[in-house]
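>>> I'll drop the sequence and a predicted model, then ask my questions.
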Amino acid sequence: MTLTKIGYVACLLACSTYVHANTPSPELTWSLGIATISQDQGYIDVGNETNLIPIVGLQYGNFSLLGPRASYQFFANQTLEISAIANLRFDGYEQADSDIFKGMEDRDMSFDAGIEAEIDTQFGEFGVEFTHDISSTHKGYELSASYGVPFMLNNGRIMPYIGANYQSDDLVDYYFGVMQNETFSTRQFYQPGATTSFEIGVNSTWMFNKKHMIKADISYLSYGSDIKDSPLIDKSGSAQILVGYAYVF
């Protein structure tokens with residue numbers, strides 16, 4: 001089972017944002033490390049998976065390359081930042097991942113691009129992101145919104161947050177649907193529509209001696225109804241725990 005976009009990209013962003021926000025532009029900054037992500041996506045007979053992934057971050061001026069995610073900030077003031085983004089979506093599965101997938105076509109990762117905005121207010125941090133598949137894999141789009149309240153500490157920060165994630169019918173159908181030629185006695189035809197999932201979690205980032213960074217997060221994603229009703233899914237959501245370390249050069 002491939003690691004989901006949620007886990008991998010969230011790790012890269014979280015492990016890089018704190019450093020980049022405290023680095024004067026246009027100085028070149030990069031970080032390297034490793035993280036452990038444990039999660040259960042809810043697919044039948046797959047269960048909890050633990051993955052070791054690299055943490056790679058690079059930033060120069062307004063350009064950032066964070067593993068499979070690139071962004072270019074083209075507008076910024078004291079409260080608002082707007083960036084063009086592109087990233088790999090690490091969703092999908094192969095037949096060998098579980099018996100429930102036997103006789104089905106593999107679902108591949110995609111390359112998505114779009115725009116994001118971050119708003120910093122006295123009430124907390126708001127984020128909005130829109131991405132669309134430009135690789136013609138799932139041919140859909142995703143719109144996400146989030147709100148978090150950061151608490152600054154001596155060596156880092158902790159931020160509880162909530163979020164909503166709207167996925168189009170093409171995207172949901174590709175990763176959670178069952179085509180007519182994939183039906184089986186225990187797997188009926190299923191063509192889901194667009195749906196909205198909700199997330200709650202806590203992010204924490206700790207910085208020591210300006211070189212050593214530790215990341216510890218926990219979150220839960222509650223699936224929308226069209227994902228929960230899929231014959232491939234037997235859980236109502238996905239829980240995730242992330243712990244990582246990075247060295248800043």
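That came through fine.
>>> okay, now the sheet partners of the helix or strand encompassing F198, with direction.
Element membership of F198 [criterion: DSSP states H and E] is strand 195-208. Its sheet considered, strand 195-208 pairs with strand 156-167 (antiparallel), strand 212-222 (antiparallel) by DSSP bridges.
>>> got the CA positions of the shortest one in PDB?
Right, the one you point to is strand 212-222. Extracted in PDB, the C-alpha atoms of strand 212-222 (Å, rounded to 0.1, in the frame of the first residue of the first chain):
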ATOM      1  CA  HIS A 212      18.000  20.000  15.200                       C
ATOM      2  CA  MET A 213      14.300  19.700  14.700                       C
ATOM      3  CA  ILE A 214      11.800  17.200  16.100                       C
ATOM      4  CA  LYS A 215       8.200  16.800  14.800                       C
ATOM      5  CA  ALA A 216       5.400  15.000  16.600                       C
ATOM      6  CA  ASP A 217       1.800  15.000  15.300                       C
ATOM      7  CA  ILE A 218      -1.400  13.200  15.800                       C
ATOM      8  CA  SER A 219      -4.600  13.400  13.700                       C
ATOM      9  CA  TYR A 220      -7.800  11.800  12.700                       C
ATOM     10  CA  LEU A 221      -9.600  12.100   9.300                       C
ATOM     11  CA  SER A 222     -13.300  11.300   9.400                       C
END
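>>> next, the buried residues of it.
M213, I214, K215, A216, D217, S219, L221 (16 or more other Cβ atoms under 10 Å). No exception for glycine: its C-beta is placed from N, CA and C like everyone else's.
>>> tell me which helix or strand comes right after it.
With elements assigned by DSSP H and E, the helix or strand that comes after strand 212-222 is helix 225-228.
>>> what about that next one, average pLDDT?
The average pLDDT within helix 225-228 is 96.
>>> buried ones in that helix, by neighbour count?
Buried residues in helix 225-228, counted by 16+ other Cβ under 10 Å: D226, I227, K228.
>>> show me how far the strand holding F198 is from its chain's centre.
Relative to its chain's centre, strand 195-208 lies at 10 Å (Cα atoms, centre = their mean, to the nearest Å).
>>> re the thing from before, can you tell me which of the buried residues of strand 212-222 lies closest to F126?
Nearest to F126, judged by Cβ to Cβ, of the buried residues of strand 212-222 is S219 at 17.7 Å.
>>> report the beta-bridge partners for the closest one.
S219 has these beta-bridge partners by DSSP bridges: G201, Q240.
>>> in the chain, what secondary structure element scores lowest on mean pLDDT?
helix 5-21 (a mean of 47; mean pLDDT, DSSP states H and E).
>>> and the strands in the protein?
Using DSSP state E, the strands of the chain run over residues 29-40, 49-60, 63-66, 69-76, 80-89, 110-121, 124-133, 141-148, 151-153, 156-167, 195-208, 212-222, 237-248.
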